[in-house]
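Asker: show me the folded form of this:
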Amino acid sequence: MVEYAKRKLAEEKVFKDPVHRYVHVRDQVIWDLIGTKEFQRLRRIRQLGTTYLVFHGAEHSRFNHSLGVYEVVRRIVDDVFHGRSDWNDDERLLVLCAALLHDLGHGPFSHAFENVFKTDHEYFTRQILLGETEVNTVLKRVSEDFPEKVAQVIEKTYENQLVVSLISSQIDADRMDYLQRDAYYTGVSYGHFDMERILRVMRPRKGKVVIKSSGMHAVEDYIMSRYQMYLQVYFHPVSRSAEVLLNNILKRTKHLYEQGYQFTVEPVHFKSFFENNITVEDYLELDEYLLITYFKLWMKEKDPILQDLSTRFVTRKLFEYINLNPEEEMERFEKLKNLFQQAGIETEYYIYHDCTSDLPYDYYEPDEETNRMPIFLEMPNGEIRELSKESYIVDAIAGRMKKDHKVYYPKEVLMDSTLDQYLKVEIEKLLNETK
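Answerer: Presented below is the predicted three-dimensional model:
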């Protein structure tokens with residue numbers, strides 16, 4: 001009998017995919033992992049959170065993305081690395097499982113949820129891999145220590161950093177899938193790049209992946225695609241407005257619970273989060289379907305703030321925004337908050353500063369400034385050079401942090417006929433002020 005780790009399906013299974021055309025599954029382990037309830041839960045977690053409220057096609061899930069990352073890694077290890085001296089085929093199944101399961105611990109609307117409840121999706125990924133779960137049961141059929149090895153790859157602590165870099169580096173399968181997938185589902189053109197060319201010029205070297213220097217221009221295109229996607233999609237101010245609402249709904253719910261408020265619809269699925277005694281079972285119960293069900297029910301809640309915020313989110317009545325950095329314009333920000341308070345607006349929930357930041361490309365070694373490896377080129381003479389040393393385009397953006405500050409507020413405050421005219425004029429003056 002063939003041992004479980006080497007067992008193949010009698011017939012290859014394929015998933016039709018809009019990005020990679022097909023996702024190919026031949027390993028029994030991979031097929032069994034896809035069928036677990038923990039992996040199927042990812043169908044109910046959107047890849048882009050609240051972005052669907054801006055780009056109506058962005059309904060794709062972390063399930064889609066996880067299959068895509070698996071497929072990119074499968075192509076690398078089966079078609080590009082197989083048989084090469086610096087690649088150990090014994091680690092093939094390990095990296096395939098890590099690619100498939102790397103997002104397993106994401107919660108509903110990941111970032112807003114984590115911000116309020118101080119959870120960490122990477123921590124819960126590990127707990128799901130190592131706990132009493134269907135995923136753990138499947139992984140243990142390979143070997144007793146296999147779940148721990150998969151966790152180490154995802155946590156970037158696995159001793160062979162070449163394996164880690166396929167999933168977590170600055171030119172990894174994770175990024176190569178989500179840029180193309182997110183571009184496809186949002187309908188924008190920024191995220192497209194020549195992945196076929198990049199895969200053809202990837203080479204395994206001790207501890208890292210390198211790119212043949214002849215493929216440098218394809219990598220430049222990839223980096224610029226990522227740069228544009230962050231500016232145009234991931235940092236879109238309207239999507240961030242929806243995330244502000246989501247954040248404040250959860251924050252208000254937590255506050256009411258701690259005050260002993262009697263909910264019309266009790267947030268029973270959140271209690272362990274409020275009390276900070278979360279189990280893996282509690283965590284896995286939550287998905288975006290459940291959260292939106294609560295929000296719809298809370299549209300009739302007695303608390304006017306929770307009712308209003310929930311209604312705004314469900315019906316897409318989002319906050320307006322202005323470009324304002326309180327770190328540079330603290331006096332203006334504080335005056336604006338004070339005027340809102342005078343107008344009877346609860347500023348803790350109705351005026352919100354949000355800052356996003358991104359580093360398009362970082363050339364530092366992972367043990368210095370970042371935990372993601374830079375991109376290395378292999379020159380014709382065999383010398384390994386960091387990308388920005390050879391590319392003028394990449395050098396222009398390398399190491400430069402991009403930040404964007406916005407302040408969000410409800411535009412309806414200026415339409416309130418009962419608002420004192422002086423307050424209205426002063427608020428409008430501050431909102432329209434340019435630095």
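
Asker: please look at Glu71 and Arg26 and confirm they touch.
Answerer: No - using CB atoms under 8 Å, Glu71 is not in contact with Arg26; the gap is 11.9 Å. (C-beta placed from N, C-alpha, C; glycine too.)

Asker: more neighbours: which of those two?
Answerer: Glu71 (24 against 16; other CB atoms under 10 Å).

Asker: so for that one, what's the nearest residue that isn't a sequence neighbour?
Answerer: Excluding the flanking residues, the one nearest Glu71 by CB to CB, 6 or more residues apart in numbering is Val23, at 4.4 Å.

Asker: try Arg126
Answerer: Ala151 (4.9 Å).

Asker: residues in contact with that neighbour?
Answerer: 125-126, 129-130 (CB atoms under 8 Å, 6 or more residues apart in numbering).

Asker: can you find the helix or strand in this protein with the smallest mean pLDDT?
Answerer: In the chain, no helix or strand scores lower on mean pLDDT, DSSP states H and E than helix 110-117, which sits at a mean of 85.

Asker: what's next to that helix, contact-wise?
Answerer: 45, 49-50, 107, 119-121, 243, 246-247, 250-251, 254, 273, 278, 286.

Asker: what bits of this protein have low per-residue confidence?
Answerer: 1-2, 363-372, 434-435 (pLDDT under 70).

Asker: mind listing what's buried in the one helix or strand Arg203 maps to?
Answerer: Under the criterion of DSSP states H and E, Arg203 resides in strand 202-205. Neighbour-count burial for strand 202-205, counted by 16 or more other CB atoms under 10 Å, picks out 202-204.

Asker: the helix or strand encompassing Leu179 packs against which elements?
Answerer: Using DSSP H and E, Leu179 sits in helix 173-186. Where contact means 3 or more CB pairs under 8 Å, 6 or more residues apart in numbering; DSSP states H and E, helix 173-186 is packed against helix 62-75, helix 195-201, helix 216-229.

Asker: ok so, going back, so which strand or helix has the residue nearest to Arg126?
Answerer: helix 146-155.

Asker: what about stretch 183-198, start to end distance?
Answerer: 18 Å (CA to CA, to the nearest Å).

Asker: what angle do the lengthiest helix in the chain and helix 110-117 make?
Answerer: In the chain, taking DSSP state H as the definition, the longest helix is helix 237-258. Angle, helix 237-258 to helix 110-117, by axes from the mean of the first three to the mean of the last three CA atoms, to 10 degrees: 30 degrees.

Asker: tell me the buried residues in helix 237-258?
Answerer: Buried, per 16+ other CB under 10 Å, within helix 237-258: 237-257.

Asker: picking up where we left off before, for the helix holding Leu179, which outside residues touch it?
Answerer: By CB under 8 Å, 6+ apart, helix 173-186 touches 18-20, 47-48, 51, 55, 57-60, 64-65, 68-69, 71-73, 76, 99, 102, 166-168, 189-193, 195, 198, 222, 225-226, 229, 233-234.

Asker: got a PyMOL select line for the buried ones in the residues you listed?
Answerer: Restricted to buried positions by 16+ other CB under 10 Å, the PyMOL selection for these reads:
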select buried, resi 19+20+47+48+51+55+58+60+64+65+68+69+71+72+73+76+99+102+166+167+168+190+191+193+195+198+222+225+226+229+233+234
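
Asker: tell me which stretches of the stretch 301-435 of the chain form helices.
Answerer: 304-315, 330-342, 347-350, 392-397, 421-432 (DSSP state H, counting those that start in this stretch).

Asker: before we move on, the earlier item: right, and the helix or strand after the least confident helix or strand of the chain?
Answerer: Following helix 110-117 in sequence order, the next helix or strand is helix 121-130 (DSSP H and E).

Asker: now find how far off-centre that next one is within its chain.
Answerer: Per CA atoms, centre = their mean, to the nearest Å, the displacement of helix 121-130 from the mean C-alpha position of its chain is 15 Å.

Asker: touching that helix from outside, list them.
Answerer: 38, 101-107, 110, 114, 135-136, 139, 147-148, 150-151, 154-155, 280, 283-284.

Asker: dump the least confident helix or strand of the chain to PDB, restricted to CA.
Answerer: Taking C-alpha atoms only, helix 110-117 is exported to PDB below (Å, rounded to 0.1, in the frame of the first residue of the first chain):
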ATOM      1  CA  SER A 110     -10.000  40.500   8.700                       C
ATOM      2  CA  HIS A 111      -8.400  43.800   9.500                       C
ATOM      3  CA  ALA A 112     -11.300  45.600  11.200                       C
ATOM      4  CA  PHE A 113     -12.100  42.500  13.200                       C
ATOM      5  CA  GLU A 114      -8.500  42.100  14.300                       C
ATOM      6  CA  ASN A 115      -8.300  45.800  15.200                       C
ATOM      7  CA  VAL A 116     -11.300  45.700  17.600                       C
ATOM      8  CA  PHE A 117     -10.800  42.300  19.200                       C
END
